[in-house]
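Enquirer: Please work out how this folds:
(one chain, ligands or ions: 1)
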Amino acid sequence: MIPKFRYVSNLELASRYRGIPGCVVECGVWRGGMSAGLAELMGHERDYFLFDSFEGLPPASEELDGNLAAAWQRPENLLNFRNCTASMNDADEAMRMSGARRYKLVKGWFKDTLPGFTPPNKIAILRLDGDWYESTMVCLDHLFPHLADNALVIVDDYYAWEGCTRAVNEFVSRSRNQGVVLRLKQFDNDVCYFERRTFPEWTPEVELSRDLQEARSGAR
Ligand SMILES: C[S@@+](CC[C@H](N)C(=O)[O-])C[C@H]1O[C@@H](n2cnc3c(N)ncnc32)[C@H](O)[C@@H]1O
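Expert: Purely as a prediction, here's the structure:
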């Protein structure tokens, strides 16, 4: 689903945050490939949480997500991966193959599963890949308070779907309510992210592992 070059960019960006302790959460995992890549990169001593309905995307709202999203979701569109429906077993298998030991798949709609979720420790990396407005906003609302200092938040669909863009813009513009000022950033001319930056003097790691350097040179 995610193109190879973007997969590698996501991992390269995440690798700069390996120094931040805490768990890794992905909301919208589909078959689990991105979470598995993160688990291999970020190490097996962390907890990984994978949230998904495993029933595909909820209906897009024409008002919040736009006509294109609604059209894309129609059943006759054979290019929508059956509305992004994946089996939980596939995600489980991907995580098992990554070597991760401490991971949990949480099945259900974000609006039902996130309110009762408290991670065992702060979240170092949060990856949002739920496409639509509501799917993005509910994650930001519930998970932002659990972010570690300087945590990385990757927003997969910021440049792809207007509902996601709208949710992030709204959330960031009211972030002073959370006691921080959030600034949207872009990595590799492609990946949208922000940090819950509390220490201005802190800088992410920049040294790339050999695996990632090789993947990067083969990805484009
Ligand atoms: C684009 S796919 C994720 C792709 C995956 N991150 C990857 O890199 O391969 C979007 C996923 O988000 C899930 N999803 C979207 N909105 C959701 C919601 N509100 N509750 C639960 N799952 C949701 C869908 O089931 C789907 O698996």
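
Enquirer: Distance-wise, check the residue in the chain that the ligand sits nearest to relative to residue 203.
Expert: Residue nearest to the ligand within the chain (CB to the nearest ligand atom): residue 28, separated by 2.9 Å. Bear in mind the C-beta positions are built from the backbone N, C-alpha and C, glycine included. Distance from residue 28 to residue 203, counting by CB to CB, to the nearest Å: 29 Å.

Enquirer: Between the two, point out the one with more neighbours.
Expert: Neighbours per residue (other CB atoms under 10 Å) separate residue 28 from residue 203, with residue 28 holding more: 24 against 9.

Enquirer: can you pull the contacts of that one?
Expert: 51, 52, 128, 129, 130, 131, 135, 156 (CB atoms under 8 Å, 6 or more residues apart in numbering).

Enquirer: Show me these that map onto helices.
Expert: Among these, DSSP state H puts residue 135 in helices.

Enquirer: Now, the contacts of residue 28 that are in strands?
Expert: Counting by DSSP state E, the contacts of residue 28 place 51, 52, 128 in strands.

Enquirer: ok, the residue nearest the centre of the chain - contacts?
Expert: When CA atoms, centre = their mean is applied to the chain, the residue found nearest the centroid is residue 127 (1.7 Å). Going by CB under 8 Å, 6+ apart, residue 127 touches 10, 24, 25, 26, 27, 34, 35, 38, 153, 154, 156.

Enquirer: Make CSV from these and add secondary structure and distance to residue 103 to it.
Expert: Below are these laid out as CSV (DSSP: H, G, I helix; E, B strand; the rest coil; distance: CB to CB, whole Å):
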residue, secondary structure, distance to residue 103
10, helix, 18
24, strand, 9
25, strand, 11
26, strand, 10
27, strand, 14
34, helix, 13
35, helix, 8
38, helix, 10
153, strand, 20
154, strand, 18
156, coil, 19
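
Enquirer: Could you look up the SS state of the residue sitting furthest away from the middle of the chain?
Expert: Going by CA atoms, centre = their mean, the residue of the chain most distant from its centre is residue 76, 27.6 Å out. What DSSP: H, G, I helix; E, B strand; the rest coil gives for residue 76 is coil.

Enquirer: how much space between it and residue 160?
Expert: Residue 76 sits 21 Å away from residue 160, taking CB to CB as the criterion.

Enquirer: For this protein, just list every one of the helices.
Expert: Under DSSP H, the chain gives helices at 4-15, 33-42, 62-65, 67-73, 81-84, 88-98, 110-113, 133-143, 162-173, 210-219.
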